[in-house]
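In: Sequence and computational prediction follow.
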Amino acid sequence: MSLFQPRVGILIGVAASVASLVAVNTLVTASASGSKSARSGATAQKEYVSACPQHKGPAESIGDLNVRVGSQCAAGQKPFKLALWPVAGTTPKAEYGVAEIFVSRGGARPARFALFSTALGSPAGSTTGGQFRFTCTPAQAPCKISWGAAVISQRTGTSTVFPRITVHKQPNITTAPMSFCEYADGANNNLGVARVQRVPSLRAAGPAMRTPQTMGLGGSFDCGANQPGPTSPATEIWVPADGVNSNFYDVWVTLTFK
């Protein structure tokens, strides 16, 4: 990268490639972001700079993009527009769905066992999820599975999430088979969606995800942990140990943000 200053403005020579576009954008953005006031001023005045392709000069410079700050390209040049504000990932319309799956063992505060994230924007909904395993010992039983979610956004209000959670169990014996335990389909028995808060940052999403969301569990609790309360909607799935032995549980999660 060469840096020189002609009479008509500041030029920054960079290779003409996709990577260069990102580099130039980052460089120019960083140069003007020394303070919050500088950022807000630049946002109000201009959201991009013109990048002029170089047609003359040394062979190694032909094709470079020269970013002129405060001036236009030379006559006959067709400029590219490189965004200054906002930086990718922080646009006002960008939204990210985040969710955590918790397990409480031995009456302790629910601990995070999984974190899922997805960029929102698909008209069909944006889906994320995965699988994890945990152990429930006789001293810890009943163990309790719950979930929470939030949407990181510059907007306010709520968004919706459709949960599916499947639980399989296996006794702590090497020859024991794994069997189905529980299936949550939607936020209630009518395939409803959960409403979750929009928050401005990942830090703010932490407390929001600690708010338990409901699940539709059908007409009965199937894991056999003597779980009290109505079966649907419920905010927890209780799972037992296996008598004097532990149980292993595999939890499969699919979450669709809309």
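Out: Now that the structure is in, tell me what you want to look at.
In: can you give me the helices in the stretch 51-200 of the chain?
Out: Using DSSP state H, counting those that start in this stretch, the stretch 51-200 of the chain contains no helices.
In: now stretch 125-144, how far from the centre of its chain.
Out: In this view, stretch 125-144 has its centroid 20 Å away from the chain centroid, taken as C-alpha atoms, centre = their mean, to the nearest Å.
In: so how far does that stretch reach from one end to the other?
Out: Counting by C-alpha to C-alpha, to the nearest Å, you get 28 Å between the two ends of stretch 125-144.
In: for the record, mean pLDDT for that stretch?
Out: Here stretch 125-144 scores 97 as its mean pLDDT.
In: which stretches of this structure aren't confidently modelled?
Out: Along the chain, the model assigns pLDDT under 70 to residues 1-49, 68-72, 76, 83-92, 174.
In: show me the contacts for the residue most central in space within it.
Out: With distances taken as C-alpha atoms, centre = their mean, residue 117 lies nearest the centre of the chain, 3.2 Å away. Listed by C-beta atoms under 8 Å, 6 or more residues apart in numbering, the contact partners of residue 117 are 96, 97, 98, 99, 128. Just so you know, the C-beta spots here come from the backbone N, C-alpha and C atoms, and that holds for glycine as well.
In: Switch the residues you listed over to CSV; also include distance to residue 256 and neighbour count.
Out: What follows is the contacts of residue 117, written out as CSV (distance: C-beta to C-beta, whole Å; neighbours: other C-beta atoms under 10 Å):
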residue, distance to residue 256, neighbour count
96, 14, 19
97, 9, 27
98, 14, 23
99, 10, 26
128, 8, 20
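In: and the two most separated of those residues?
Out: 96 and 99 (10.7 Å; C-beta to C-beta).
In: ok, back up a step: list just the nearest of the contacts of residue 117 to residue 258.
Out: Among these, and counting by C-beta to C-beta, the member closest to residue 258 is residue 97, at 9.2 Å.
In: and the closest one, what does it touch?
Out: 117-120, 126, 128, 149-152, 159, 161, 255, 257.
In: same thing but at 10 Å, please
Out: For residue 97, the contact set (C-beta atoms under 10 Å, 6 or more residues apart in numbering) comprises 116-120, 125-128, 149-153, 159-161, 196, 205, 255-258.
In: Apply the buried test to these and list what passes.
Out: 116-118, 120, 125-128, 149-153, 159-161, 196, 205, 255-257 (16 or more other C-beta atoms under 10 Å).
In: helix or strand for residue 228, which one?
Out: If you go by DSSP states H and E, residue 228 is not part of any helix or strand.
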